[in-house]
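Q: What would the 3D arrangement of this be:
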Amino acid sequence: MSSLRTERLLNLVIALLATRRWLTKEQIRHAVPQYAECESTEAFDRMFERDKEDLRELGVPLETGTDSAWFDDEQGYRIDRNAYALPEVELTAEELAVLGLASRVWQQASLAGPAARALVKLRALGVETDEDSLVGVEPRIRAAEPSFDPLYAATRDRVPVSFRYRRPDGATAERHVQPWAVTSRSGWWYVVGFDRDRGETRAFKLSRIEGGVKRIGKPGSYEVPDDIDATQHVTGAPSSARDVREAWLGLRPGRGAALRLRAVPEPAAAGPADGDRAAPPEGWDVVRVTVQDPESFAEEVASNGADVVVLGPPDVREAVVRRLRGALARQQGHLDLPGGAAAAARAGRARRREGVR
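A: So this is what the prediction gives:
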């Protein structure tokens, strides 16, 4: 079954679960985005009939009926919640522990995306919705990396992508990949796929992807190997132990609690600058931490703002500076405005500064 058809069936299930009333065909047509795109009533009727059969074959208890006590000429549809719901589940202590760990990764967001759009359209049609019945229908993963969503969608749609990738030594290059799977290991997210530049299967760490992920092909333009084991490819990546390094931080007194917890033992007195290590601001604390991925670590440091400075090594300091400059540019509107508007905004700020002087 194609991803587009799967999404349409999911939207139909959401619409039929979210109501306490019988939905007419016309209401369903307006609530499900793919039905609203049908060019004619005949095309919608054919699609809807196929989808009803698919739902019944999947075991979804689709019912027909009407809310009218006097007229039954306008048939409606809904899903029997009692028959659709899972029976009471009893779990052992070990199973509950596993679920507890899983809950740290998977977050229920049943009203995100297609579900939210369906509910908005149902409310617009005057249909009372019951959002509680949607819990668990559309589970999604939350990840901090901006590239997670577009890469996950690309693996689903089987669309080749390109992105800028930063190696551990700091050098960046454009990569062209057929993404097969997104997986997690040791708290880090990876995309595994076929590297078209090197002609082999590779794993890419999402935290090292810079900028946006661009689609460079059509959906379904390649096949994913049936025997692909994404975890094995990530496990077989170069040993992370070789990438573990030390970084020196200057912390404003009483700030940077999370970074202080990561500190490794170091004499209390802050010595003078040496080699790749700069001198800390006067009165600040100095801590030494281990760093596996400078880019990911830079995100954590930058989130502390002016309360933390990187004393060394230089590449870690540069990674933090790069993020802070990017945040400043966004704040000033350089990145969020079209070219002409951005230039006008910069000129306006320059004029205001001159006026202040």
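Q: alpha carbons only for contacts and neighbour counts from here, please
A: Will do.
Q: and residue 194, what pLDDT?
A: Predicted confidence (pLDDT) at residue 194: the value is 95.
Q: try residue 265
A: In this model, residue 265 carries a pLDDT of 74.
Q: what's it in contact with, if anything?
A: residue 288 (CA atoms under 8 Å, 6 or more residues apart in numbering).
Q: ok, and residue 43, which helix or strand is that part of?
A: helix 41-57 (DSSP states H and E).
Q: Run through who's touching that helix.
A: Against helix 41-57 from outside (CA under 8 Å, 6+ apart): 9, 29, 35, 38, 61, 62.
Q: could I get that helix in PDB with only the CA atoms?
A: What follows is helix 41-57, C-alpha atoms only, in PDB (Å, rounded to 0.1, in the frame of the first residue of the first chain):
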ATOM      1  CA  THR A  41     -18.300  13.400  -7.100                       C
ATOM      2  CA  GLU A  42     -17.900  10.100  -9.100                       C
ATOM      3  CA  ALA A  43     -14.100  10.000  -8.400                       C
ATOM      4  CA  PHE A  44     -14.800  10.600  -4.700                       C
ATOM      5  CA  ASP A  45     -17.500   7.900  -4.600                       C
ATOM      6  CA  ARG A  46     -15.100   5.300  -6.200                       C
ATOM      7  CA  MET A  47     -12.300   6.200  -3.800                       C
ATOM      8  CA  PHE A  48     -14.500   6.200  -0.700                       C
ATOM      9  CA  GLU A  49     -16.000   2.800  -1.600                       C
ATOM     10  CA  ARG A  50     -12.500   1.300  -2.000                       C
ATOM     11  CA  ASP A  51     -11.400   2.800   1.300                       C
ATOM     12  CA  LYS A  52     -14.400   1.400   3.200                       C
ATOM     13  CA  GLU A  53     -13.500  -2.100   2.000                       C
ATOM     14  CA  ASP A  54      -9.900  -1.600   2.900                       C
ATOM     15  CA  LEU A  55     -10.800  -0.500   6.500                       C
ATOM     16  CA  ARG A  56     -13.100  -3.500   6.900                       C
ATOM     17  CA  GLU A  57     -10.400  -5.900   5.600                       C
END
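Q: how about that helix: buried residues?
A: Across helix 41-57, burial judged by 16 or more other CA atoms under 10 Å covers 44, 48, 51, 52, 55.
Q: With stretch 179-193 instead?
A: 179, 180, 181, 182, 183, 189, 190, 191, 192, 193.
Q: still on that earlier bit, going by distance to residue 234, which of the contacts of helix 41-57 wins?
A: Set against residue 234, the nearest of these by CA to CA is residue 9 (33.4 Å).
Q: ok, the closest one - how many residues close by?
A: 19 (other CA atoms under 10 Å).
Q: Which elements pack onto the helix or strand containing it?
A: Residue 9 is part of helix 3-17 when elements are defined by DSSP H and E. The helices and strands touching helix 3-17, judged by 3 or more CA pairs under 8 Å, 6 or more residues apart in numbering; DSSP states H and E, are helix 25-31, helix 33-36, strand 76-79, helix 114-124.
Q: Now do the contacts for residue 206.
A: 145, 147, 148, 188, 189, 190, 191.
Q: Now with 10 Å, please.
A: 143-148, 151, 165-166, 182, 184, 188-191, 296 (CA atoms under 10 Å, 6 or more residues apart in numbering).
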